[in-house]
Structure formats: structure tokens, C-alpha cells
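Asker: here is my input, please return the structure:
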Amino acid sequence: MNQTHRLLTILLLGGLLTLAGCPGRSGPAPTTPAATPPGETVKPTTTLSPDLTFTALDGKTLKLSELKGKVVVVDFWGMLCSGCVEELGKYEADPSLSKNPKVQIIAVDNQDTAPEAVRKFVQEHGWTYPVVMATEELRQAFGLVGKVVLPQVRIIGPEGTSFTALGPAEANAEQVKKRVGALLSAANPMPTPTPAPSKP
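Answerer: Numbers count the residues shown, from 1 in each chain. The predicted structure is shown next:
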């Protein structure tokens, strides 16, 4: 009888431990996806084609080969993206970006499908740089595949073959101006002053 009682006690304790969970033998922790960085800098797997063409709403075309020597800021935006619109306005208000002969801004609408509505929107905001409707060629060239969160900025260096990508957290006028300035400085380094000859 004692043996039966002991067996029942062991089984009962085992069941309680199973229900409560054993802190010393917990299962593997659930896998947590790696945090997505607030912005990313990426290099393209292939170089940009010099024949890559941007066709603006006014019908004018810009070919990448014609922009060589300039820093080109390609900003993917949409009319319903308030953050996009705000930053594009800041580009226009900053002469170092909008009036600099060494900088070309191109706004690519990656959200809307009615060019006439976009044209009216651009006129109301007073933007003077080229505005382009996104094409599959442009999306593929700049790595915008699948579901894309706006804004997205691609900054092409003066050599015209590679770009830096800025995601939504970094795609703002402050970061763009900083990176554009760095590229321009690297392309046009200040000459090292020649020391004056020493007097005898």
C-alpha cells in the first residue's frame, strides 16, 4: 500500500511540475527577427547604365550619361506621403541643392498613376527640378522591388555609375545635403597650399 501511495505521489508531483513549467529546462527562446536599421547604405550589384533615361512631366529627358560630373539626387516619393512632400520642399528652399550647377535633383513619383494630377501638385508647390513618373526600368535600376516604403533616395556620385541608398529614416534634406557635400568635396579636393620658401 505504501508503495502504491508513493507511486501516486510521484506521478502527481510530476504532473504539477509539467503544468507549472520547469524554470531550469525552458525550451528555446522564440526567434526574434533582426532589427531593421533606421537607414541603410548599399552598393548596387551592377553599375548603372549610362543610357538610363528620366522623362520629366514636361516631356524633357535626362540621360544619366549627360549628368556625369554632377551629384544626382533621385528622390522616390508620392503625393500622399507627407514626409516626402516636406523634404522635397526643403530641397527647393536650399540653394546649395536646388541652384547648385554641380547637383541635379530628380523627383520620381513612385505612388501615383495620373501624370496630370502630379503636374498640378508640383506646380502648386513651386518645385523647379524635374519630376518623373516611375517606370519599371527606374525601379529595377535603383533596387526598388516589391513593397516599397517611401521616401527612398538614391544619390549617384559624379562618376555616374554607382549610388548610395537612403531608406525612410535617412531620406531627408539634412542627410541628403550632408552626403552630397561629401561627394562634391571628394570630387573636388581643396589644393594643398604650397609653403612659402624660407628666408636665408
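Asker: may I have the strands that pair with the helix or strand containing V153, each with its orientation?
Answerer: Here V153, judged by DSSP states H and E, is contained in strand 152-156. Within its sheet, strand 152-156 is paired with strand 71-77 (antiparallel), strand 163-166 (antiparallel), according to DSSP bridges.
Asker: where do the helices sit along this structure?
Answerer: 2-20, 82-93, 95-98, 115-125, 136-141, 173-187 (DSSP state H).
Asker: okay if I get those helices as a markdown table plus mean pLDDT, mean neighbour count and distance to L150?
Answerer: Yep, even glycine has a C-beta here, placed from its N, CA and C like the rest. Putting the helices of the chain into a markdown table (pLDDT from 0 to 100; neighbours: other Cβ atoms under 10 Å; distance: least, Cβ to Cβ, whole Å) gives the following:
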| stretch | mean pLDDT | mean neighbour count | distance to L150 |
| --- | --- | --- | --- |
| helix 2-20 | 44 | 9 | 49 |
| helix 82-93 | 98 | 16 | 5 |
| helix 95-98 | 96 | 14 | 19 |
| helix 115-125 | 98 | 14 | 14 |
| helix 136-141 | 95 | 14 | 12 |
| helix 173-187 | 96 | 16 | 15 |
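Asker: for A56, find the nearest of the ones you listed.
Answerer: helix 115-125 (9.9 Å; Cβ to Cβ).
Asker: quick one: that closest one to chain centroid distance?
Answerer: Remark: helix 115-125 is offset 24 Å from the chain centroid, using Cα atoms, centre = their mean, to the nearest Å.
Asker: ok so, going back, same list (the helices of the chain) but as a markdown table, adding distance to V71.
Answerer: Shown next, in a markdown table, are the helices of the chain (distance: least, Cβ to Cβ, whole Å):
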| stretch | distance to V71 |
| --- | --- |
| helix 2-20 | 63 |
| helix 82-93 | 13 |
| helix 95-98 | 10 |
| helix 115-125 | 22 |
| helix 136-141 | 17 |
| helix 173-187 | 5 |
